[in-house]
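> Mind looking at a prediction? Sequence and model below.
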Amino acid sequence: MNLTLAYPEKYDVDPEYMTFAEKAAKKGGAKIEIVHNVIEASKEADVIYVKSWESFLITKEEVVE
């Protein structure tokens, strides 16, 4: 199984995690590809997991106690 990570530039994954993931991928015969375009990343994908890259902000006016 191969893995394509898509995320905005300047939001790089921690190098320690990437090193671990790349070693595991190599051991399992897989490859990891990093792209910064969600359309490119989703081509031929079997599974897509989406994560927001923006903070969720609740203003004081929206807080319900």
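The structure has been received and is ready for your questions. Residues are numbered from 1 along each chain as shown.
> all strands for the chain, in order.
Using DSSP state E, the strands of the chain run over 3-6, 32-35.
> what's the most buried one of the ones you listed?
Comparing those by mean neighbour count (mean count of other Cβ atoms under 10 Å), strand 3-6 comes out on top with a mean of 15. Any C-beta I mention is one placed from the backbone N, CA and C, and that applies to glycine too.
> To Ala41, which of the strands of the chain lies closest?
Closest of these to Ala41 is strand 3-6, at 3.4 Å (criterion: Cβ to Cβ).
> tell me what that closest one is packed against?
With contacts taken as 3 or more Cβ pairs under 8 Å, 6 or more residues apart in numbering; DSSP states H and E, strand 3-6 sits against strand 32-35, helix 38-42.
> Distance from the chain centre to that strand, please.
The chain centroid and the centroid of strand 3-6 are separated by 6 Å, computed with Cα atoms, centre = their mean, to the nearest Å.
> Convert the C-alpha atoms of it to CSV, please.
Output for strand 3-6, consisting of C-alpha atoms alone and laid out as CSV, is shown next (Å, rounded to 0.1, in the frame of the first residue of the first chain):
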residue,chain,number,x,y,z
LEU,A,3,0.5,6.7,0.9
THR,A,4,0.2,10.2,-0.5
LEU,A,5,0.2,13.0,2.0
ALA,A,6,-1.2,16.3,0.8
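> what pLDDT, on average, does the biggest helix by length in the chain get?
Across the chain, the helix with the greatest residue count (assigned by DSSP state H) is helix 15-28. For helix 15-28, the mean pLDDT works out to 95.
> ok so, going back, Pro15 is nearest to which of the strands of the chain?
Among these, strand 32-35 comes nearest to Pro15, with 12.1 Å by Cβ to Cβ.
> returning to what we had before: can you redo the helices and strands packed on strand 3-6 as JSON lines with distance to Tyr49 and mean pLDDT?
JSON lines is the format used below for those (distance: least, Cβ to Cβ, whole Å; pLDDT from 0 to 100):
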{"stretch": "strand 32-35", "distance to Tyr49": "14", "mean pLDDT": "94"}
{"stretch": "helix 38-42", "distance to Tyr49": "11", "mean pLDDT": "89"}
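> Fine by me, thanks again.
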